[in-house]
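Trainee: starting from these lines, generate the structure:
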Amino acid sequence: MALKLKKNDMVKVLSGKSKGKTGRILRVFKDKGSLIVEGVNVGKKHQRPTQQDQKGGIVDKELPVHVSNVMLVGSSGETVKVARREVDGKRKRVEKKTGKAVD
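Mentor: Below you'll find the predicted structure:
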């Protein structure tokens with residue numbers, strides 16, 4: 001599956017319990033077609049004490065969101081569709097409506 005989203009992109013959630021929230025992509029799972037977005041789809045995890053974390057307890061953890069449920073936020077602050085086009089001899093991600101480069 002060719003993903004049009006990368007790590008550190010700003011995205012907006014379109015559906016699910018976190019609908020309407022925006023956040024930065026922390027991690028992308030290409031094989032599953034999902035990604036982890038900062039502050040979105042947060043769940044509780046029971047963490048046992050370890051050498052690094054002496055306390056343990058219940059911690060908040062971001063869970064994966066499917067790619068189809070998020071959309072890239074463009075430079076104007078609105079959601080945009082993305083296409084791959086050749087710009088200056090290199091393939092780049094481009095906003096479909098305006099033609100501006102995303103990267």
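Trainee: didn't Thr79 look like it was pressed against Glu95?
Mentor: No: between Thr79 and Glu95 there is no contact under CB atoms under 8 Å: 10.3 Å. Quick note: C-beta positions are derived from backbone N, CA and C, even for glycine.
Trainee: ok, the two, which is more surrounded?
Mentor: Each of Thr79 and Glu95 has its neighbours counted (other CB atoms under 10 Å); Glu95 has more, 18 against 15.
Trainee: so who does that one touch?
Mentor: Glu95 makes contact with 74, 80-83, 102, according to CB atoms under 8 Å, 6 or more residues apart in numbering.
Trainee: poorly predicted segments of this structure, please.
Mentor: 1 (pLDDT under 70).
Trainee: name the residue closest to the centre of it, please.
Mentor: Ile25 (3.3 Å; CA atoms, centre = their mean).
Trainee: where does it land in three-state SS?
Mentor: Under the three-state scheme (DSSP: H, G, I helix; E, B strand; the rest coil), Ile25 adopts strand.
Trainee: roughly how far apart are it and Pro49?
Mentor: Ile25 sits at a distance of 31 Å from Pro49 (criterion: CB to CB, to the nearest Å).
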